[in-house]
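In: Show me the folded form of this:
(2 chains)
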Amino acid sequence: MSEHIVSSKIYVGIWAALMCLTVITATVAFVDLGPMNTVVALVIATLKALLVVLFFMHVKYASEKLTKMVIISAVFWLLILLFLSLADYTTRAAGHA
Amino acid sequence: MADSPLTIEHEEGLRHQFADMEQQRNAASLGMWIFLGTEIMFFGGMFLAYLIYRYWYYNEFAAGSRSIDIYLGAINTGVLICSSLTVALGVRAAQLGKRKLLVTLLLLTLLFGLAFLAIKGIEWYDKFEEHHVPGNSFSAQDIIEKYPQLHIDPRPTQIYFSLYFAMTGLHALHMIVGVLIFSFVTYYAWKGRYTPEYHTPVEISGLYWHFVDIVWIYLFPLLYLIDRKPLK
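Out: Next up, the predicted model:
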């Protein structure tokens, strides 16, 4: 079994997609979408992160399932940190205590 | 007598605890991903602090975000994406055993990395000039006058700038470490150490570089794009 070698066309394509998404996210920020501005910015950022992880970091082609499990666990752990903490702070009574 | 380690024949570059090159590569990348998992938690604490304070002091965060240069931030995002491309193509060059191409791509990566740090330096310099660095000489007067509609309080505005400096600073520190790692990788690539069979350091430091890129992919919208829409 040899390593999967990704064609340079795919890499350049991913690069072009990342550049376009950067321009889109910076442009959309100037349009008033109400609270959706933040949502759009984070969705685009997550899309970009996924492209980097899957293609540039070769996770799409990784043969080792354990690697994928480590990545998913790490992200899941981060989400526990963020969501459970925010569930506390955003539901407290006024006064920031 | 069992074979002494010296007499066991194995592939060039294969450590004797691994069955084959593929297992050795997988073990290396698994180890790197576990390290990156700890890095996610390391940055995660800062992102959490950011989210909580942003929730409490949204207007101050919005005004602080308006005061930093979105163009420099966007250009830097582009610079990092270009550097990630050169790293990805570099790993490919190593896999194919193209030494000259690998060295060229690694040098380009270093150039992009240093360009990122230089642009970040300009940005920080502006913030020092504007007295937006938290501490005794901090002043949000210019921001208060520029955005009276937001009714901001200067004290929590310092929290935004503290997080701005801490998060971009921690990221820049990772960039500096990345540049140092890639300097070594470039040197060894130039010496011809990496072959299609053995190029684990290129692949592994590439994973680190892409991870630092991803952190920036989130820092850009969170710090620069909080509130850019026209104020009523």
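In: those helices in chain B, which residues are they?
Out: Assigned by DSSP state H, the helices in chain B fall at B:21-56, B:58-67, B:70-96, B:99-129, B:141-146, B:154-191, B:200-219.
In: Report the distance from the third one to the chain centre.
Out: To tie it back to what came earlier, the one meant is helix B:70-96. 11 Å (Cα atoms, centre = their mean, to the nearest Å).
In: do the same with the last one
Out: For helix B:200-219, the gap between its own C-alpha mean and the chain's C-alpha mean amounts to 7 Å (Cα atoms, centre = their mean).
In: between it and helix B:70-96, how big is the angle?
Out: 160 degrees (axes from the mean of the first three to the mean of the last three Cα atoms, to 10 degrees).
In: what sits against the closest residue in space to residue B:33 that isn't next to it in sequence?
Out: Among residues not flanking residue B:33 along the chain, residue A:70 sits closest, at 4.8 Å (Cβ to Cβ, 6 or more residues apart in numbering or on different chains). In this view, the C-beta of every residue, glycine as well, is placed from N, C-alpha and C. Counting by Cβ atoms under 8 Å, 6 or more residues apart in numbering or on different chains, residue A:70 makes contact with B:30, B:33-34, B:37.
In: name the element residue A:70 belongs to?
Out: helix A:65-89 (DSSP states H and E).
In: May I see the buried residues of that helix?
Out: A:67, A:70-71, A:74, A:78 (16 or more other Cβ atoms under 10 Å in any protein chain shown).
In: per-residue confidence averaged over stretch B:153-168?
Out: Stretch B:153-168 comes out with an average pLDDT of 96.
In: mind checking how far that stretch is from the chain centre?
Out: The answer for stretch B:153-168 is 20 Å, by Cα atoms, centre = their mean.
In: Stretch B:224-232 too?
Out: For stretch B:224-232, the distance to the chain centre is 25 Å (Cα atoms, centre = their mean).
In: how long is it from one end to the other?
Out: End-to-end distance of stretch B:224-232 (Cα to Cα, to the nearest Å): 20 Å.
In: So what's the residue count around residue A:40?
Out: 17 (other Cβ atoms under 10 Å in any protein chain shown).
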